[in-house]
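>>> coordinates only, sequence not included:
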């Protein structure tokens, strides 16, 4: 049986024969998952940058001001960022992104395999429910642990200039000094929820499509089937996760949750900048000020990134398996 999930682009592939001969302490699932995730992340990162820029439009910055709309869509964002900031700007944040996949992908894939081995020692007795439980658990835990790298990635992608000339360590220390531990784990709850939602939606859709194509003799169990099933399941994952992704991106992009010093206008009225105080507050403010569709900003690049990301991940993973 083949199971697959993609949380923020990190796929999990589980074939009952895949782990034949692998013991419970085998290191290969950890290494293969991490390396494959890093390669896939690098290949699709510019699309992720456009998604981040689109999602923060219309949101609130640290001063409570609305971030004006500069991009009309993914392709417009790609062209505008490239022409105004250079091609290199599309890869701002790639270092923490790769570091995130090196930790998130490795922990998630290895934890998923270890949990599954502990709960179902015999691969022939695997059940969809158990595999989904293991995948959701691994995704939530891994995404929470890797959250600081995600925070830095989002801020670099959104154009925070104060981090561009700093090393990764200096950037993390800077966030910690200015905002404390909570700054490094900004948006951790919607991040973990998003990881769980994606895997919970994509796994059954992927399996359903794959087995339907085989049963109806549309496609055999080959790369073409996996490609199409992955792309369709990515659509389901994007629909289910984009609202949480918008909230997560906006929370991570702001430097602090506390209100900035109040400003007084000419009439003496105190104007308090509106900054998101929680995931729920961010979602409510977004819907109230921009409408429900604002929760789907960046949907197209989200979907278009999930598909290629999974394909790159699976191809790399399968090639790495051939070495051993």
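Received, thanks. Worth saying up front: this structure is predicted, and the values here are computed from it rather than measured.

>>> switch to C-alpha atoms for all contacts and neighbour counts from now on
Noted.

>>> mind showing which ranges of this protein have poor pLDDT?
1-29, 60-64, 123-124, 126, 164, 203, 255-274, 314-315, 317-319, 321-324 (pLDDT under 70).

>>> what sits against residue 96?
Residue 96 is in contact with 149-150, 152-153, 168, counting by C-alpha atoms under 8 Å, 6 or more residues apart in numbering.

>>> try it again with 10 Å
102, 146, 148-154, 156, 168, 171-172 (C-alpha atoms under 10 Å, 6 or more residues apart in numbering).

>>> now the lengthiest helix in the chain, how far from the centre of its chain.
Counting by DSSP state H, the longest helix found in the chain is helix 223-253. Here the centre of helix 223-253 is set off from its chain's centre by 8 Å, with C-alpha atoms, centre = their mean, to the nearest Å.

>>> now for that helix, which elements pack on it?
If contacts are counted by 3 or more C-alpha pairs under 10 Å, 6 or more residues apart in numbering; DSSP states H and E, helix 223-253 sits against strand 2-7, helix 28-56, helix 147-157, helix 181-184, helix 188-215, helix 279-290, helix 299-321.

>>> residues of the second one that come out buried?
Along helix 28-56, these residues count as buried under the neighbour rule (16 or more other C-alpha atoms under 10 Å): 28-42, 44-56.

>>> how far off helix 28-56 does the very next helix or strand once past that helix point, in degrees?
Next along the chain after helix 28-56, taking DSSP states H and E as the criterion, comes helix 74-85. Angle, helix 74-85 to helix 28-56, by axes from the mean of the first three to the mean of the last three C-alpha atoms, to 10 degrees: 80 degrees.

>>> list the helices and strands helix 74-85 packs on?
So helix 74-85, by 3+ C-alpha pairs under 10 Å, 6+ apart, packs with helix 28-56, helix 299-321.

>>> Tabulate those in a markdown table, adding columns for distance to residue 178.
Output for the helices and strands packed on helix 74-85, formatted as a markdown table (distance: least, C-alpha to C-alpha, whole Å):
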| stretch | distance to residue 178 |
| --- | --- |
| helix 28-56 | 22 |
| helix 299-321 | 31 |
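
>>> With distance to residue 229 as added columns, please give the helices and strands packed on helix 223-253 in a markdown table.
Putting the helices and strands packed on helix 223-253 into a markdown table (distance: least, C-alpha to C-alpha, whole Å) gives the following:
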| stretch | distance to residue 229 |
| --- | --- |
| strand 2-7 | 10 |
| helix 28-56 | 18 |
| helix 147-157 | 28 |
| helix 181-184 | 36 |
| helix 188-215 | 5 |
| helix 279-290 | 31 |
| helix 299-321 | 10 |
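
>>> Quick one: closest of those to residue 248.
Shortest distance between residue 248 and the helices and strands packed on helix 223-253, using C-alpha to C-alpha, is found for helix 188-215: 5.6 Å.

>>> my guess is residue 49 contacts residue 87, does it?
No - between residue 49 and residue 87 there is no contact under C-alpha atoms under 10 Å: 11.5 Å.

>>> Residue 182 is nearest to which of the helices and strands packed on helix 74-85?
The nearest among these, by C-alpha to C-alpha, is helix 28-56 at 20.4 Å.

>>> Would you mind giving the orientation angle of that closest one with respect to helix 299-321?
Using the same axes, to 10 degrees: helix 28-56 against helix 299-321 is 170 degrees.

>>> and helix 28-56, what does it pack onto?
In terms of contacts (3+ C-alpha pairs under 10 Å, 6+ apart), helix 28-56 is packed against strand 10-15, helix 74-85, helix 94-119, helix 147-157, helix 223-253, helix 299-321.

>>> just to revisit the earlier point, of the helices and strands packed on helix 223-253, which is nearest residue 226?
Nearest of the helices and strands packed on helix 223-253 (C-alpha to C-alpha): helix 188-215, 6.9 Å.
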